[in-house]
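Participant: After the sequence you'll find the predicted model.
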Number of protein chains: 2
Amino acid sequence: MKAGAIELGEAKATKGGMKKGVSILDFILRLLAFFGTLGSAISMGTTNETLPFFTQFTRFRAEYNDLPTLTFFVVANAIVSGYLILSLPFSIFHIVRSSAQKTRLLLVLFDTAMLALLTAGASAAAAIVYLAHKGNAKTNWFAICQQFNSFCERISGSLIGSFAGMALFVLIILLSGLALSRR
Amino acid sequence: MKAGAIELGEAKATKGGMKKGVSILDFILRLLAFFGTLGSAISMGTTNETLPFFTQFTRFRAEYNDLPTLTFFVVANAIVSGYLILSLPFSIFHIVRSSAQKTRLLLVLFDTAMLALLTAGASAAAAIVYLAHKGNAKTNWFAICQQFNSFCERISGSLIGSFAGMALFVLIILLSGLALSRR
């Protein structure tokens, strides 16, 4: 009977330790996702290119906010990175008190909503970037990347941080589920 | 002491009943999301319009697969609706055995991945549909909706089922978290 009680205590300690490990991993993943989305927002938001030739009336200049979808991409990434910073204190709270349940549930809800927002921004931008590279013959939309080379490279590269952030979010939600399932 | 045991038993029964309710709600939401995504896939996949005038060499005809992004939309919606049908037996299993934990965790993982896939398809398509309606003056992409009226209405309407499916998925994941958190 006593041996059983000790074993139960050990099992509880192991579970507690595992939960703490899950919470620390959650903290690290959130930090990584923050840097990814912030990097995406900044590198897209500072993109512009002016071509070296111009006529008397127009200069050929491309900026990210010429395309509304890219503006949405910047806004979505900025919101998600802001949310990630605000969620860090909760993550620390979960490391300290690993049995907390309600705050974890709250984070699952917001994480899922933020995953949806980030995915929406990233994939809408990817659709437009694809169009900028390839164009579309049927609708007479021409590929603008033939003129604006470095602009196109920059907006393509900006997507990477967002897509990495999406993968990290899926992991974060899975970890939350794992932490919720074991008491 | 005995009254306490009875109360504990009642509390357990209430929790079990609540879990069963959550599982039934989960089943209904999955069914709704299935019809939404399937409807989106079918209505987008059957869209085409032929204009009533033609020259000797070309007929003016618009189909959903003229735009690769809309093809992705159809594929993503078809995959998600297929997944939802396959997840229904798990949902029934959770109604019967409401204490199951591992299968719930598995579903959270797949649900999150499917939410990301559905959001990607829907928002990429929305970006292209917006472009078809408004065009973009800076990049010389013209609004094609002036010619292809009913085509444009159809592809805009197809988005509704997908976006409803996204909202349902967020609810489903939240319900899974709720079911995991209470034993």
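Facilitator: Arrived safely, thanks for sending. Numbering: from 1, shown residues only, chains lettered A, B, ... in the order given.
Participant: Quick one: neighbours of residue A:142, just the number.
Facilitator: Applying the criterion other CB atoms under 10 Å in any protein chain shown, we find 16 residues in the vicinity of residue A:142. Any C-beta I mention is one placed from the backbone N, CA and C, and that applies to glycine too.
Participant: Is it in contact with residue B:140, as I believe?
Facilitator: Yes. Under the criterion of CB atoms under 8 Å, residue A:142 makes contact with residue B:140 at 6.4 Å.
Participant: Run through chain A and note the low-pLDDT ranges.
Facilitator: By pLDDT under 70, the weakly predicted segments of chain A are A:1-13, A:15, A:53-59, A:182-183.
Participant: Tell me which stretches of it form strands.
Facilitator: Under the criterion DSSP state E, chain A carries strands at the ranges A:48-54, A:59-63.
Participant: which stretch among those comes nearest residue B:85?
Facilitator: Comparing the strands of chain A against residue B:85 with CB to CB, the closest turns out to be strand A:59-63 (45.1 Å).
Participant: Could you double-check that residue A:157 sits in contact with residue A:44?
Facilitator: No. Under the criterion of CB under 8 Å, residue A:157 is not in contact with residue A:44, lying 9.0 Å apart.
Participant: Quick check on the two: which one has the bigger neighbour count.
Facilitator: Higher neighbour count among residue A:157 and residue A:44: residue A:44, with 25 against 15, using other CB under 10 Å.
Participant: Name the nearest residue to that one, ignoring sequence neighbours.
Facilitator: In this structure, residue A:44 finds its nearest non-sequential neighbour in residue A:158, 3.9 Å apart by CB to CB, 6 or more residues apart in numbering or on different chains.
Participant: just residue A:171 next, same as before
Facilitator: Using CB to CB, 6+ apart and skipping residues adjacent in sequence, the residue nearest residue A:171 is residue A:29, 5.8 Å away.
Participant: so how many other residues sit close to that neighbour?
Facilitator: The burial count for residue A:29: 18, using other CB under 10 Å.
Participant: What distance do you get for it to chain B?
Facilitator: The span separating residue A:29 from chain B equals 14 Å under the rule CB to the nearest CB, to the nearest Å.
Participant: List the contacts of the spatially closest residue to residue A:32 that is not a sequence neighbour.
Facilitator: Spatially, and ignoring its direct neighbours in sequence, residue A:32 is nearest to residue A:168 (5.8 Å; CB to CB, 6+ apart). Listed by CB atoms under 8 Å, 6 or more residues apart in numbering or on different chains, the contact partners of residue A:168 are A:29, A:30, A:32, A:33, A:36.
Participant: any idea how far the first one is from residue B:117?
Facilitator: I take that to be residue A:29. As defined by CB to CB, to the nearest Å, residue A:29 lies at a distance of 20 Å from residue B:117.
Participant: Sweet, I'm off.
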